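Undergrad: Provide a 3D model corresponding to the input given below.
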Amino acid sequence: MGGGLLQVTCPACGRKFAERNLAVHCRSNPQSGHLEALKQIHDKEIRDLKSRLQTPDVKPRVPSPQEAGREVVRASLQGQPPNFGTLEVTVDRSEALGCIKSLIGGGGGPGRYDSLFLLGDPGAGKTHLLNCAREIAGREGFLVFQTGVVECGVLPSDEARFARALFRGIRFPFLLSERGRRDIVLKLALESAELEAEKAAQELTGTRMPSGSEVRFQLRQALSRANIGQGVFSRMVRDWADAALEGGLLEFDIPEMTLGAFADESVDFARRLGFRGAVFLVDELEEARQQETYSVLDSLVGTEDGGARWIFAANEDLLTDPDRGILRLAPSLGAKIQKSSVGLERLTSSELKELARILLSAFKEAFPNLPPGRYFSEEETDRVAREYGTKRAKTREFTTTLLSQMRAKKDGP
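TA: Next up is the predicted model:
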């Protein structure tokens, strides 16, 4: 018990322990007043944490052009979405971006509804716009939950499993300030302390939690496990989330519930952490053409000013498929979607040329000190854009190919 750690006395039995071990001792000895002592310990921890908390600053800073360029190039060459910088490499999507911003920020226009559907052919940039939405949501102070039907292998009609997939896709803002990271971790610690106090109170009184609180209890339990040890404040909250996933800390049994209930609890939790709310992003919805999924969607969309913001991406024929499309199987849902959807088309040759110039600029930001002969020229980027303009290739394929050619020239023979 030495080592210079603060020694405290157990109020139940009078024995001395290192402060960090006192709660373990009380929990291991649920008799002779130890449960009451455990509750006192957690109550004190809650008071201490609340005294340290300020109003959290959960909005990320805006990246510098060089940071954005490096991240876009790195992620694109690895076949991943950038953690930030997506908006800086977006071409001719003003209508869609306007609707996304309106939905998330609560302004007027078609995005005023609690949901938005991004519809278009494969390669039209739907996934890219979902990643733009993730970045916009972070900048506006929202916590993001993101998944895809193919990615997670679960249909939305299996609501509990799809909720788990969304939960595993939690996305904290990447470029949080030091204060923002600190305060969110403190908030997580506060949630954990309050949860432990709640459990101790139940054990003390012999009562069970009301059934209506099970969802909140499970969600808080899974989200609240954070180590508040030395050095944690200097790490990204995203790093905590990744480590939690790798360590299995986010594995838990969600009670049977609707996606709407999960969304409501997630919004509540996000606000308790200091975020404005939660945004849910779902890709590849065209892979869920079934009546059961349409019934779930019908319960989620179409209400103005909902607490949860939903953005779905799907191929255009999700609506118009003559056999399994929404307009045929769920016409009332189809009418809602038509009021809150944006149609997307693949970029034209001139738009690909503009994107190529933007990517060239990002590449130069990522590698600012190369000899001039190691950069692509504008003529070379225009040539690649013309070639892909005739192929009608996917934008992601064009981006990866162009950046790969730029990297090859940078590295030289």
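Undergrad: could you pull out the strands in this protein for me?
TA: 7-9, 16-18, 115-120, 142-148, 170-171, 277-283, 308-314, 341-344 (DSSP state E).
Undergrad: next, format the ones you listed as JSON lines and append mean pLDDT.
TA: Below are those laid out as JSON lines (pLDDT from 0 to 100):
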{"stretch": "strand 7-9", "mean pLDDT": "81"}
{"stretch": "strand 16-18", "mean pLDDT": "83"}
{"stretch": "strand 115-120", "mean pLDDT": "94"}
{"stretch": "strand 142-148", "mean pLDDT": "92"}
{"stretch": "strand 170-171", "mean pLDDT": "81"}
{"stretch": "strand 277-283", "mean pLDDT": "94"}
{"stretch": "strand 308-314", "mean pLDDT": "94"}
{"stretch": "strand 341-344", "mean pLDDT": "92"}
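Undergrad: export those as CSV, with columns for mean neighbour count and distance to S64.
TA: Any C-beta I mention is one placed from the backbone N, CA and C, and that applies to glycine too. Output for the strands of the chain, formatted as CSV (neighbours: other CB atoms under 10 Å; distance: least, CB to CB, whole Å):
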stretch, mean neighbour count, distance to S64
strand 7-9, 13, 47
strand 16-18, 15, 45
strand 115-120, 24, 29
strand 142-148, 23, 22
strand 170-171, 20, 21
strand 277-283, 25, 25
strand 308-314, 26, 28
strand 341-344, 19, 30
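Undergrad: any chance of those strands in JSON lines, with distance to T399 too?
TA: Below are the strands of the chain laid out as JSON lines (distance: least, CB to CB, whole Å):
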{"stretch": "strand 7-9", "distance to T399": "58"}
{"stretch": "strand 16-18", "distance to T399": "54"}
{"stretch": "strand 115-120", "distance to T399": "17"}
{"stretch": "strand 142-148", "distance to T399": "19"}
{"stretch": "strand 170-171", "distance to T399": "21"}
{"stretch": "strand 277-283", "distance to T399": "17"}
{"stretch": "strand 308-314", "distance to T399": "18"}
{"stretch": "strand 341-344", "distance to T399": "16"}
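Undergrad: out of those strands, nearest to E71?
TA: Nearest to E71 among those is strand 170-171 (14.7 Å), distances taken as CB to CB.
Undergrad: how far does that closest one sit from its chain's centre?
TA: Taking CA atoms, centre = their mean, to the nearest Å, the mean C-alpha location of strand 170-171 is offset from the chain mean by 3 Å.
Undergrad: pairing partners for it, with directions?
TA: Strand pairing for strand 170-171, determined by DSSP bridges: strand 142-148 (antiparallel).
Undergrad: show residues contacting the partner strand.
TA: Identification of contacts with strand 142-148 by CB atoms under 8 Å, 6 or more residues apart in numbering yields 104, 127, 130, 134, 137-138, 162, 165-172, 266, 270, 273, 275-284, 309.
Undergrad: and with 7 Å instead?
TA: If you take CB atoms under 7 Å, 6 or more residues apart in numbering as the criterion, strand 142-148 is touched by 104, 134, 137-138, 165-167, 169-172, 266, 270, 273, 275-284.
Undergrad: between the strands of the chain, which one is nearest to D298?
TA: strand 115-120 (10.8 Å).
Undergrad: neighbouring strands - and their directions - for the closest one?
TA: strand 308-314 (parallel), strand 341-344 (parallel).
Undergrad: quick one: it to strand 277-283, angle?
TA: Put simply, strand 115-120 runs at 30 degrees to strand 277-283, going by axes from the mean of the first three to the mean of the last three CA atoms, to 10 degrees.
Undergrad: all numbers from here: first residue = 127
TA: Happy to do that; since the first residue is 127 now, the last one works out to strand 241-246.
Undergrad: what's in contact with strand 241-246?
TA: Against strand 241-246 from outside (CB under 7 Å, 6+ apart): 222, 225-226, 229, 252, 255, 426-427, 436-440, 442, 445, 463, 466-471.
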